[in-house]
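Engineer: here is the input, now give the coordinates:
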Amino acid sequence: MFSNNSSPLLIAEIGGNHEGNFDYALELTRLALKSGADAVKFQIYTGDTLVSSVESPDRNSHFKKFELSRDQHLALAKMVLDAGKFYVASVWDLTSLDWIHPYISFYKIGSGDLTAYPMIKAIVAKRKPILLSTGLATEDEVKKCVQYISDSDTFYKLPGNLAVLQCTSMYPITQGDANLHVMSRFQTLFNLPVGYSDHTEGSLALEVAVAMGAQILEFHFTDSREGKSFRDHRVSLTCEEVIELRAKIDSIQALKALMKKCPYQ
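Structural biologist: Purely as a prediction, here's the structure:
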């Protein structure tokens with residue numbers, strides 16, 4: 001799944017940008033498929049399983065508004081798969097794993113779940129490729145999680161079944177806070193495919209990540225950033241911008257290929 005392809009895997013993260021509106025989720029999915037992204041990603045949770053209504057009633061209410069039903073998630077998954085693309089989800093609820101599993105192309109463990117070992121254990125048991133994000137973790141926590149997954153099943157020692165993403169969990173971040181050099185550190189530590197999950201504005205960080213060897217790019221996706229109050233829209237790319245990004249990636253890869261052929265290195 002995650003390998004040294006000539007072009008990185010592009011993941012359009014719709015996430016919560018549908019804001020709980022299923023018709024809007026369908027439109028965003030249609031646009032993500034049109035953009036040429038390789039995978040379309042969602043987040044599966046319920047407000048009550050994610051945030052305590054007693055401890056944090058406002059956040060609980062927020063996430064409840066962003067919920068989609070089981071049938072709606074399944075309809076979106078089928079739409080993506082029928083288009084010949086990968087359907088991906090961060091699943092934040094153990095009870096949802098069984099019904100979404102047949103549709104999942106690979107699992108994304110989000111930054112907030114990197115130390116959630118009961119969830120990680122359940123995902124590992126599904127024996128599908130795992131993409132691990134690291135935005136809220138220390139290096140030691142990333143090491144322990146990679147080791148845990150690798151030791152749990154030899155499936156994750158096979159090439160392409162486990163990958164690690166550099167991520168900075170703020171919305172938005174400055175270019176400098178992207179910390180793209182961490183990808184090189186991860187490659188040295190783990191000898192696994194590495195990539196970058198973006199929270200900057202625009203596509204420059206994604207382009208530089210490709211030049212630095214990123215094999216996976218994840219970016220938030222929207223139809224437009226205009227007039228949107230939910231924070232994730234601000235760090236999202238549109239359909240046209242993803243098409244432009246793909247063209248820039250092709251140019252970057254062509255330039256890198258020419259460098260390899262240079263006889264004066």
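
Engineer: tell me the mean pLDDT over the longest helix belonging to the chain?
Structural biologist: As assigned by DSSP state H, the longest helix anywhere in the chain is helix 239-261. The average pLDDT within helix 239-261 is 89.

Engineer: who are the packing partners of that helix?
Structural biologist: Other helices and strands packing on helix 239-261, by 3 or more Cβ pairs under 8 Å, 6 or more residues apart in numbering; DSSP states H and E, are strand 9-15, helix 22-35, helix 204-211. Heads up, the C-betas are built off the backbone N, CA and C, glycines and all.

Engineer: now the first one: buried residues?
Structural biologist: Of the residues in strand 9-15, those buried under the neighbour-count criterion (16 or more other Cβ atoms under 10 Å) are 9-15.

Engineer: got the helices and strands packed on helix 239-261 as CSV, with distance to residue 59 columns?
Structural biologist: Formatted as CSV, the helices and strands packed on helix 239-261 follow (distance: least, Cβ to Cβ, whole Å):
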stretch, distance to residue 59
strand 9-15, 16
helix 22-35, 21
helix 204-211, 28
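
Engineer: what's the closest of these to residue 129?
Structural biologist: In terms of Cβ to Cβ, the element of the helices and strands packed on helix 239-261 nearest to residue 129 is strand 9-15, at 10.7 Å.

Engineer: mind listing what the closest one pairs with, with the direction of each?
Structural biologist: Here strand 9-15 has these sheet partners by DSSP bridges: strand 39-44 (parallel), strand 216-221 (parallel).

Engineer: so, low pLDDT: which residues of the stretch 1-150 of the chain?
Structural biologist: 4-5, 62 (pLDDT under 70).

Engineer: that one: helices as residue ranges?
Structural biologist: Along the stretch 1-150 of the chain, counting by DSSP state H, counting those that start in this stretch, helices occupy 22-35, 47-50, 57-65, 70-82, 97-100, 117-124, 139-152.

Engineer: closest one to residue 218 among those?
Structural biologist: Residue 218 sits nearest to helix 22-35 of all the helices of the stretch 1-150 of the chain, at 12.3 Å, using Cβ to Cβ.

Engineer: buried set for that closest one?
Structural biologist: For helix 22-35, a neighbour-count test (16+ other Cβ under 10 Å) marks 25, 28-29, 31-33, 35 as buried.

Engineer: quick one: it to strand 39-44, angle?
Structural biologist: Interaxial angle of helix 22-35 relative to strand 39-44 (axes from the mean of the first three to the mean of the last three Cα atoms, to 10 degrees): 160 degrees.

Engineer: quick one: helix 22-35 to helix 239-261, angle?
Structural biologist: Orientation check (the same axes, to 10 degrees): helix 22-35 against helix 239-261 gives 30 degrees.

Engineer: who does helix 22-35 touch, helix- and strand-wise?
Structural biologist: Counting contacts by 3+ Cβ pairs under 8 Å, 6+ apart, helix 22-35 packs against strand 9-15, strand 39-44, helix 70-82, strand 216-221, helix 239-261.

Engineer: kindly export that helix (C-alpha atoms) in CSV.
Structural biologist: The C-alpha trace of helix 22-35 is given here as CSV (Å, rounded to 0.1, in the frame of the first residue of the first chain):
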residue,chain,number,x,y,z
PHE,A,22,-24.8,14.7,4.5
ASP,A,23,-25.6,16.4,1.2
TYR,A,24,-22.6,18.6,1.7
ALA,A,25,-20.5,15.5,2.5
LEU,A,26,-21.7,14.0,-0.8
GLU,A,27,-20.7,17.1,-2.7
LEU,A,28,-17.3,17.3,-1.1
THR,A,29,-16.7,13.6,-1.9
ARG,A,30,-17.7,14.3,-5.6
LEU,A,31,-15.2,17.1,-5.8
ALA,A,32,-12.4,15.1,-4.0
LEU,A,33,-12.9,12.3,-6.6
LYS,A,34,-12.8,14.9,-9.4
SER,A,35,-9.6,16.4,-8.0
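
Engineer: all set now, cheers.
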